[in-house]
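[1] Fold the following for me, if possible:
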Amino acid sequence: TGTHNGFYFSFWKDSGDASMTLRENGRYTSQWSRSTNNWVGGKGWATGTRRTVSYSGSYNPGNNNTYLALYGWTRNPLIEYYVVENFGSYNPSSGATRMGTVTTDGGTYDILRSQRVNQPSIDGTQTFYQFWSVRQQKRSSGTITVANHFDAWARAGLQLGSNHSYQVMATEGYQSQGSSDITVSEGSNPGNPGNPGNPGTPTTPPPGNPGGNCTATVSAGQSWNDRFNLNVSVSGASNWVVSLALNGGQSLQNSWNASVSGNSGTVTARPNGNGNNFGVTIMSNGNTTWPTITCRTG
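    Prediction:
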């Protein structure tokens with residue numbers, strides 16, 4: 001770990017020939033081969049906060065086990081967290097406990113929790129939880145509103161520690177090979193000095209939401225053999241429209257604290273004077289996959 005051109009950097013590996021080269025400003029490049037067991041490194045900040053992070057560049061995972069993610073740690077309690085923007089052949093959400101979703105920065109992320117038992121950490125070998133936001137629509141440039149992920153995790157019962165350690169835009173590889181060329185900055189829509197001609201990638205708001213300020217977070221409610229409840233929390237706007245794209249065979253049975261139209265396909269919820277938290281009951285008809293949620297200002 002250390003500082004370079006005003007940015008903090010972290011690099012860790014357990015074996016192999018992974019390398020990370022520090023470039024100008026917030027840029028770094030990395031490459032690794034299959035002789036590497038596990039490595040992770042990146043540039044960012046010595047202390048994690050609710051900042052807005054922008055990044056751009058190239059990431060080449062191939063058909064390999066690797067992540068491009070905003071990565072950090074807290075203490076009290078010890079938590080390792082990832083906001084995964086892109087990944088290769090292995091989706092980390094397949095090996096963790098699903099806790100909900102959050103829609104922010106033009107995409108929907110699965111919220112998950114997993115546990116590491118007697119594994120390496122910033123405080124030696126420890127047992128600790130990992131918190132995940134895994135973006136459903138992969139990308140290698142964009143803006144991450146970190147506060148929206150911290151808040152969504154908290155609403156799902158995932159509490160970060162009170163003492164934040166570092167927060168970096170990281171590349172990670174496990175028993176794989178690949179490369180990355182990433183430039184990170186604080187705030188929205190940076191340029192990429194490492195990639196001339198790329199003026200930076202702005203945040204892509206959800207369709208119909210020119211302000212990009214509407215966030216819908218989903219968490220699990222009760223479930224039965226034939227149906228399940230979902231709780232939806234909306235932030236960033238009071239005049240919102242939340243769309244729920246139901247999956248095959250599903251239908252809406254009931255809703256509360258919102259005005260909901262439609263009962264199959266895509267159903268739409270609007271405020272009805274009962275605040276920004278509402279719920280739905282979905283008849284599963286054998287399909288328990290949660291609907292895709294989008295939010296726009298109405």
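[2] which residues in the stretch 151-298 of the chain form strands?
    Taking DSSP state E, counting those that start in this stretch as the criterion, the stretch 151-298 of the chain carries its strands at 163-174, 178-186, 215-223, 227-235, 240-245, 251-256, 259-261, 266-270, 277-283, 292-297.
[3] can you list those in JSON lines and add mean pLDDT, distance to P61 and mean neighbour count?
    Bear in mind the C-beta positions are built from the backbone N, C-alpha and C, glycine included. Formatted as JSON lines, the strands of the stretch 151-298 of the chain follow (pLDDT from 0 to 100; distance: least, C-beta to C-beta, whole Å; neighbours: other C-beta atoms under 10 Å):
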{"stretch": "strand 163-174", "mean pLDDT": "96", "distance to P61": "8", "mean neighbour count": "23"}
{"stretch": "strand 178-186", "mean pLDDT": "95", "distance to P61": "5", "mean neighbour count": "23"}
{"stretch": "strand 215-223", "mean pLDDT": "86", "distance to P61": "27", "mean neighbour count": "19"}
{"stretch": "strand 227-235", "mean pLDDT": "90", "distance to P61": "31", "mean neighbour count": "20"}
{"stretch": "strand 240-245", "mean pLDDT": "92", "distance to P61": "27", "mean neighbour count": "21"}
{"stretch": "strand 251-256", "mean pLDDT": "87", "distance to P61": "38", "mean neighbour count": "16"}
{"stretch": "strand 259-261", "mean pLDDT": "89", "distance to P61": "39", "mean neighbour count": "15"}
{"stretch": "strand 266-270", "mean pLDDT": "92", "distance to P61": "32", "mean neighbour count": "18"}
{"stretch": "strand 277-283", "mean pLDDT": "91", "distance to P61": "34", "mean neighbour count": "20"}
{"stretch": "strand 292-297", "mean pLDDT": "89", "distance to P61": "24", "mean neighbour count": "21"}
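[4] Can you say which of these is nearest to R98?
    Closest to R98 of the strands of the stretch 151-298 of the chain, according to C-beta to C-beta: strand 215-223, at 7.9 Å.
[5] For T127, which non-adjacent residue is closest in space?
    Computed as C-beta to C-beta, 6 or more residues apart in numbering, the closest residue to T127 that is not its neighbour in sequence is V117, at 4.9 Å.
[6] and that neighbour, how many neighbours?
    By other C-beta atoms under 10 Å, the residues close to V117 number 8.
[7] Also the one 4 residues further on?
    S121: 16 surrounding residues under other C-beta under 10 Å.
[8] shouldn't it be in contact with L78?
    Yes. Between S121 and L78 a contact is recorded at 6.1 Å, counting by C-beta atoms under 8 Å.
[9] got any residues that touch both of those two?
    F128 (C-beta atoms under 8 Å, 6 or more residues apart in numbering).
[10] could the strands of the stretch 151-298 of the chain be laid out in a markdown table, adding distance to A18?
    Putting the strands of the stretch 151-298 of the chain into a markdown table (distance: least, C-beta to C-beta, whole Å) gives the following:
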| stretch | distance to A18 |
| --- | --- |
| strand 163-174 | 7 |
| strand 178-186 | 10 |
| strand 215-223 | 35 |
| strand 227-235 | 39 |
| strand 240-245 | 40 |
| strand 251-256 | 49 |
| strand 259-261 | 50 |
| strand 266-270 | 44 |
| strand 277-283 | 44 |
| strand 292-297 | 35 |
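[11] circling back: got the angle between the strand or helix carrying the residue nearest to T127 and strand 215-223?
    Taking DSSP states H and E as the criterion, V117 maps to strand 107-121. Interaxial angle of strand 107-121 relative to strand 215-223 (axes from the mean of the first three to the mean of the last three C-alpha atoms, to 10 degrees): 80 degrees.
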